[in-house]
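Engineer: this is a predicted model, with the sequence first.
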Amino acid sequence: MAPAMKIVFGLLTFVTVGMIIGALSQLAFIRKLEQDSYGTESLPYRSLRGLESNAHLQLPRGIPYWNNDKEAQILRLGYVKPQVLSWSPRIILLHNFLSPEECDYLRAIALPRLQISTVVDTKTGKGIKSDVRTSSGMFLTPEERKYPMVHAIEKRISVYSQVPIENGELMQVLRYEKNQYYKPHHDYFADTFNLKRGGQRIATMLMYLSDNVEGGETYFPNIGSGQCSCGGKTVEGLSVKPTKGNAVLFWSMGLDGQSDPLSVHGGCEVLAGEKWSATKWMRQKAHQ
């Protein structure tokens, strides 16, 4: 075997082993959470910049040594309830991942700066407008990433996904109004431009920020053989209803280190109300 081939083979082996270890760690973490079932109590949690309020996060009740545990507060231990929806690709629904106050906080930050959403151009890697995606959105800034409430959410995402914080892109907040949608697509890149800035996207955390939405499901058309609801229609595949505070963690890359076409997903048409969401894309390496 040529030296160059040995190097490539070694790197692929390293990446594959690393992903398998990460997946096993995540599985153990999720199973531990699934076994826990506690009541909750509120403790104060402050934010920044004029949005400071009587916001609260939820902590487990009846576990004395957690009462003053900041890590438990940040991770919402005993309150977040994971539900595995699929193993191929990995899709986990995290009930109560965000508190109502965190949802409102992200919406308040985003509202004044919403712009028409774009999609990634496969030739240039830049954002372009497209009828594939009809929402409006914005990205949090690196400075906002340091805000206590945003930092807590990012740390929580890192722990539940088992992906380092520095591998995450800036969080995006989106609003879908009536009749708006996002056609099925994959989150991994097909261009080389974006791969230079942290490697391939391996996982996505999609967090729902609003309630009372009709339609607007997150739809995975290539999963399972059952039927589900999507924008008022019955279709083949799997869908997740947008419920305030819940989050969907799914993986765009398989354990073999290859992009997974089964991770194709879309945002179904909103029939009534407004669907707000926040998205965190995670890369193979630190995102630049």
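Structural biologist: Nice, thanks for sending it over. Numbers count the residues shown, from 1 in each chain.
Engineer: tell me where the protein is predicted with low confidence.
Structural biologist: 1-67, 118-132 (pLDDT under 70).
Engineer: tell me the centre residue of it?
Structural biologist: Central residue of the chain (Cα atoms, centre = their mean): residue 205, 0.9 Å from the mean position.
Engineer: give me the phi and psi for that one.
Structural biologist: Phi and psi for residue 205, reported as degrees, to the nearest 10, are phi -110, psi 120.
Engineer: in the sheet, who's paired with it?
Structural biologist: Beta bridges link residue 205 to residue 249, residue 280, judged by DSSP bridges.
Engineer: quick one: it from residue 270, how far?
Structural biologist: Counting by Cβ to Cβ, to the nearest Å, the separation of residue 205 from residue 270 is 21 Å. (C-beta placed from N, C-alpha, C; glycine too.)
Engineer: check the offset of stretch 71-90 from the chain's centre.
Structural biologist: 12 Å (Cα atoms, centre = their mean, to the nearest Å).
Engineer: let me see the ranges of the helices in the stretch 101-250 of the chain.
Structural biologist: Under the criterion DSSP state H, counting those that start in this stretch, the stretch 101-250 of the chain contains helices at 148-161.
Engineer: what about residue 96, neighbour count?
Structural biologist: For residue 96, the count of nearby residues is 18 (other Cβ atoms under 10 Å).
Engineer: tell me who's in contact with it.
Structural biologist: Each residue near residue 96 by Cβ atoms under 8 Å, 6 or more residues apart in numbering is listed here: 58, 76, 79, 80, 81, 245, 246.
Engineer: between the two ends of stretch 262-273, how far is it?
Structural biologist: This stretch, stretch 262-273, spans 29 Å end to end (Cα to Cα, to the nearest Å).
Engineer: I'd like the numbering to begin with 827 instead of 1 from here.
Structural biologist: Sure, I'll start numbering at 827, so the last one becomes stretch 1088-1099.
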